[in-house]
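Novice: predicted structure and sequence below. I'll ask about it afterward.
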Amino acid sequence: EAGVTQFPSHSVIEKGQTVTLRCDPISGHDNLYWYRRVMGKEIKFLLHFVKESKQDESGMPNNRFLAERTGGTYSTLKVQPAELEDSGVYFCASSQDVTGGGYGYTFGSGTRLTVV
Amino acid sequence: EDQVTQSPEALRLQEGESSSLNCSYTVSGLRGLFWYRQDPGKGPEFLFTLYSAGEEKEKERLKATLTKKESFLHITAPKPEDSATYLCAVRGYGNNRLAFGKGNQVVVIP
């Protein structure tokens, strides 16, 4: 089966611009998560969708970040306007079972965002 | 807040030289401890989930163990292809998010 797909793989934008990241989860996975790794830090949780509903968005840094999941399929994460501190690698993960079950959560390869 | 600390941060091993990675955690009711492997430019790749103290899981040269405060990832007779960053994460009671450590960067020298 296809894995979790993220694009673009890299994005370089100027401060103040808008960027939209996309994640296509594994087909049939109701649970979709966004995480972010800022340089030198650990991977941190941003938010969790169950189908099209936001289950937990406690990790979203501020209101410049907007996540959507249309029809419970793919998800987008928009940053508007981007700031320098938004630079990092954004990972998407999906799972069939909210607990991760015996197969864990499947991660995509990430989008490396650089804000200059 | 759930927290994970991994040590050592970086480790260089000779091929065949066994070693262990440590993951110490604090969590309000453990609902799963996860080990992932991450290669440069890629996302974390699932290895194991452990749920209760005393549990052990194995896969090829890797063996994960769990106590009430920490987990170990033992690498037996490593090969160069075991070079990667190993990530530990926990899921606590009442939430569905993972709290990650910074990782153990392992380099195995032929």
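Specialist: Ah, there it is. Numbering: from 1, shown residues only, chains lettered A, B, ... in the order given.

Novice: show me what from chain B comes close to chain A.
Specialist: By the criterion of C-beta under 8 Å from any C-beta of the partner chain, the positions of chain B lying close to chain A are B:4, B:31-32, B:34, B:36, B:41-47, B:49, B:87, B:89, B:91, B:95-103. Any C-beta I mention is one placed from the backbone N, CA and C, and that applies to glycine too.

Novice: ok, of those residues, which come out buried?
Specialist: For the residues of chain B next to chain A, a neighbour count by 16 or more other C-beta atoms under 10 Å in any protein chain shown gives the buried set as B:4, B:31-32, B:34, B:36, B:43-44, B:46-47, B:49, B:87, B:89, B:91, B:95-103.

Novice: my reading is that B:Ala77 is in a strand; is that accurate?
Specialist: No: assessed with DSSP: H, G, I helix; E, B strand; the rest coil, B:Ala77 is coil; it does not lie in a strand.

Novice: and the residue nearest the centre of chain A, how far from A:Pro8?
Specialist: If you average the C-alpha coordinates of chain A and look for the closest C-alpha using C-alpha atoms, centre = their mean, you land on A:Trp34, 3.2 Å from that point. Counting by C-beta to C-beta, to the nearest Å, the gap from A:Trp34 to A:Pro8 is 15 Å.

Novice: okay, A:Asp97: pLDDT?
Specialist: The predicted structure scores A:Asp97 at 80 on the pLDDT scale.

Novice: for it, which residues are in contact?
Specialist: Listed by C-beta atoms under 8 Å, 6 or more residues apart in numbering or on different chains, the contact partners of A:Asp97 are A:Asn31.

Novice: that one sits in which helix or strand?
Specialist: Here A:Asp97 sits in a region with no helix or strand, counting by DSSP states H and E.

Novice: return the distance of it relative to B:Glu1.
Specialist: A:Asp97 is 24 Å from B:Glu1, where distance means C-beta to C-beta.
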